[in-house]
Each structure stands twice: as C-alpha cells, then as structure tokens.
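[1] Next input, structure requested:
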Amino acid sequence: MNLKSLLSGIRYDKNSIYGDILTPRLNYKWASKNKSSIVRLGFGTGYRVVNVFTEDHAALTGARDVIFSEDILPEKSRNININWNQKLYSKYGTIFDLDLSVFNTVFSNRILPDYDTNPNQIIYGNLDGESVTQGVTLNINSVSANGLKINMGATFIDSKIIQNNETIYPFLTEKVSGNYRISYAIYNPKIIFDLSGTVIGTHETPATGFAGYKRPLQPSHKHNELSSYLHTFNEIELFAGIKNILDFKPAANSIARAFDPFDKEVRFGNSGQVIPTPNNPDALSFDPSYVYYSNQGRNGFIGIRYHIK
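    Residues are numbered from 1 along each chain as shown. Alright, predicted model coming up:
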C-alpha cells in the first residue's frame with residue numbers, strides 16, 4: 001500500500017509599513033510501502049524585507065558609493081519544486097541514495113544592485129520585471145560495509161532577470177556547480193582518509209570602469225582537500241591534510257588595479273568619475289568587493305584534538 005499525504009497552510013503577517021501579507025503553501029508526498037521511493041511536490045509563496053547592508057557585503061566593504069534610487073519594497077516570490085528520492089540496496093551490503101530535485105522560483109520586486117550605470121556607485125532599487133531561478137539538483141550517496149562512503153552532487157542553474165523584454169544574467173552566477181566527498185575508514189587501528197572538493201563553473205564579475213568595459217568571464221575553478229584522521233585511545237585524535245591540492249587561485253584581473261589599492265595613480269573628475277589616462281586606459285579603480293575565491297594556494301595542516309568527557 002502506498003503512503004500519501006497532503007499538507008496545506010497559509011501564513012498571515014501584518015507589517016507596520018507594508019500592511020497585510022498572505023503567503024499560502026501546498027505540499028504533496030507519495031511514498032512506497034517500504035519508503036524506499038518518495039516523491040514530493042511543493043508550491044509556495046514567500047515575502048521578505050531585505051536588509052541591504054547585512055546581505056550584500058559590497059555595500060559596506062567596497063570602494064563604491066551606495067545609492068537608493070527609490071523607497072524599496074519587500075521582495076515576493078512563488079516557487080514550485082519536484083523531488084524524487086530513491087534508495088537502492090545491493091547484495092554486497094552497499095546502500096545507494098539518489099536524490100533528484102527540479103525547481104523554479106520567480107521573484108517580483110527583487111532588489112538588485114546596479115554596477116553598470118556608474119562604475120563608482122552601487123545603485124539599489126526594485127526590479128521592474130521578474131527574476132527567475134530554475135534548475136536541477138542531483139545528489140548520489142553510497143555507504144558500503146567495508147567503510148567506503150561516497151557523496152556526489154551537482155546543480156545546474158538558470159538564473160536570469162527579465163525586464164522590458166530583455167534577459168540579463170546576473171554577476172557571480174555560475175551555470176554549474178558540484179561537490180564530492182570520498183571517505184574510507186580503517187577500524188583497527190581507526191584511521192579515516194577523506195577527500196573532498198567543489199567545482200564551480202564560469203561566471204561574470206562586475207567591473208569598475210567606464211561604460212562599455214567588461215571584465216572577462218572568470219574560469220571554472222576547483223577546490224580539493226585531502227585529510228586523514230588517526231584516532232588513538234578514546235580521547236586523543238590526530239589529524240593532518242592538504243587544502244587546495246590543485247593550487248587554484250583567482251586570475252590576476254579578478255581585482256581591478258590590485259597594485260594600487262589606494263587609487264593613488266587614478267584620476268577623478270569633478271563628479272567623482274574615473275578619467276581614462278595612459279596608464280589606466282579603461283578608467284578602472286580598485287574594488288576588491290567581489291573576490292570570488294580565496295587567494296590562498298596549496299597549504300597543509302596538522303593537529304591534535306583532546307576530547308574531555
């Protein structure tokens with residue numbers, strides 16, 4: 001006999017500024033008798049008041065001035081998602097867990113930063129259109145009786161802004177991302193070997209220059225970490241590992257004019273705009289606000305933990 005359930009709800013908020021807000025939700029779940037296969041369907045709406053200064057670090061840490069073009073309204077969203085989870089059991093004692101999700105979220109009144117109108121400003125305002133985020137997520141996990149565990153996941157995202165019949169793809173939004181973790185345990189003596197990593201696809205970063213200057217797409221990058229843990233007795237744990245095995249670091253142009261962090265060699269006009277010069281033809285200014293990855297290369301670590309019971 002299959003197991004089915006339907007859950008619906010509605011939330012009511014009364015905001016002192018924005019008035020009455022209703023956010024309904026509906027969820028459906030189907031499960032096989034042994035619960036090895038589960039399907040979920042969900043639909044819901046959302047509402048939130050955005051705090052720009054805590055959610056967008058560039059508003060406080062960057063070199064640009066922060067401008068609000070209007071009295072911003074709360075963001076609203078509607079979401080639909082489908083999830084399928086399947087467990088498989090092999091005759092050798094390995095358990096596989098597959099999890100697949102398809103999602104679509106549409107935002108209205110979304111508050112987005114504008115980096116292009118003025119290269120020395122971040123201009124915030126409500127989007128006059130829709131922002132769409134949709135994609136597929138797949139996760140595969142396995143656990144074997146011999147101590148081997150494998151976790152792998154990948155996400156394919158289509159994130160875009162639709163305004164005035166024009167489609168724009170936001171900065172720092174990659175199409176593909178993935179992660180993995182492989183661990184193997186030896187129980188006598190107790191030693192755990194662990195390899196984990198992430199893979200991020202190409203994305204575009206904002207540029208600080210005159211209109212028309214575009215920084216190139218940043219390349220895909222990978223982060224890998226190799227660790228081993230040696231447990232001795234019950235209270236002491238020794239560990240060692242290597243971070244960023246492939247020694248990936250952002251491209252040299254990921255920070256505009258990194259050699260001039262105080263803009264000593266940058267010329268500004270009367271209104272604060274950067275003026276092109278022979279040694280700065282693209283009219284760039286220093287702006288590290290959106291470094292998309294750590295500048296640390298390959299490094300190792302070793303340590304000891306003592307657990308007090």
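
[2] If you count neighbours, what's buried in the helix or strand harbouring residue 39?
    Residue 39 is located in strand 37-48, with elements delineated by DSSP states H and E. Using 16 or more other Cβ atoms under 10 Å as the test for burial, strand 37-48 gives 37, 38, 39, 40, 42, 44, 45, 47. Where you see a C-beta, it was placed from the backbone N, CA and C, and this is true even at glycine.

[3] go on, stretch 134-146?
    Buried residues in stretch 134-146 (16+ other Cβ under 10 Å): 134, 135, 137, 139, 141, 142.

[4] Stretch 188-206 too?
    For stretch 188-206, burial by neighbour count (16+ other Cβ under 10 Å) applies to 191-197, 199-201, 203-206.

[5] Just the ones of those in strands?
    Judged by DSSP state E, the subset of the buried residues of stretch 188-206 located in strands is 191, 192, 193, 194, 195, 196, 197, 199, 200.

[6] any idea how far the most centrally placed residue in the chain is from residue 112?
    Nearest residue to the geometric centre of the chain (Cα atoms, centre = their mean): residue 173, 8.2 Å. Going from residue 173 to residue 112 by Cβ to Cβ, to the nearest Å gives 12 Å.

[7] Next up, the contacts around residue 297.
    Contacts for residue 297 (Cβ atoms under 8 Å, 6 or more residues apart in numbering) come out as 244, 247, 248, 249.

[8] from what I can see the first one touches residue 300, true?
    No - under the contact definition of Cβ atoms under 8 Å, residue 244 does not touch residue 300, with a separation of 10.0 Å.

[9] Neighbour count: these two, which is higher?
    residue 244 (19 against 10; other Cβ atoms under 10 Å).

[10] Not counting its neighbours along the chain, what's nearest that one?
    Nearest residue to residue 244, sequence neighbours excluded (Cβ to Cβ, 6 or more residues apart in numbering): residue 298, at 5.0 Å.

[11] mind listing what that neighbour touches?
    By Cβ under 8 Å, 6+ apart, residue 298 lies in contact with 242, 243, 244, 245, 246, 247.

[12] okay if I get those residues as a markdown table plus pLDDT?
    Shown next, in a markdown table, are those (pLDDT from 0 to 100):
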| residue | pLDDT |
| --- | --- |
| 242 | 87 |
| 243 | 85 |
| 244 | 84 |
| 245 | 83 |
| 246 | 81 |
| 247 | 82 |
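
[13] Quick one: buried ones out of the residues you listed?
    Buried among the contacts of residue 298 by 16+ other Cβ under 10 Å: 243, 244, 245.

[14] just the residues you listed now: which is nearest residue 281?
    residue 244 (34.0 Å; Cβ to Cβ).

[15] From residue 46, how far off is the closest one?
    Applying Cβ to Cβ, the value for residue 244 to residue 46 is 36 Å.

[16] what's across from the closest residue to residue 150 other than its chain neighbours in the sheet?
    Among residues not flanking residue 150 along the chain, residue 142 sits closest, at 4.8 Å (Cβ to Cβ, 6+ apart). Beta-bridge pairing for residue 142 (DSSP bridges): residue 96, residue 150.

[17] how far away is residue 142 from residue 92?
    11 Å.

[18] what about residue 172, neighbour count?
    Quick note: residue 172 (other Cβ under 10 Å) scores 12 neighbours.

[19] I'd say it and residue 203 touch.
    Yes - using Cβ under 8 Å, residue 172 is in contact with residue 203, at 5.4 Å.

[20] Flag the shaky bits of the protein, pLDDT-wise.
    Counting by pLDDT under 70, the ranges of the chain that qualify are 1-2, 53-64, 116, 119, 205-234, 251-254, 271-272, 287-293.

[21] And it, what are its domain boundaries?
    32-168, 171-309 (automatic domain parsing).

[22] quick one, what contacts the residue lying closest to residue 40 once chain neighbours are set aside?
    Leaving aside its chain neighbours, residue 40 sits nearest to residue 83 (4.3 Å; criterion: Cβ to Cβ, 6+ apart). Listed by Cβ under 8 Å, 6+ apart, the contact set of residue 83 reads 38, 39, 40, 41, 42, 99, 100, 101, 102.

[23] Quick check: bridge partners of the first one?
    Put plainly, it is residue 38. Beta-bridge partners of residue 38, counted by DSSP bridges, are residue 31, residue 85.

[24] separation between residue 142 and residue 124?
    Using Cβ to Cβ, residue 142 is found at 45 Å from residue 124.

[25] Quick one: residues contacting residue 133.
    With the criterion set at Cβ under 8 Å, 6+ apart, residue 133 makes contact with 103, 104, 105, 107, 157, 158, 159.
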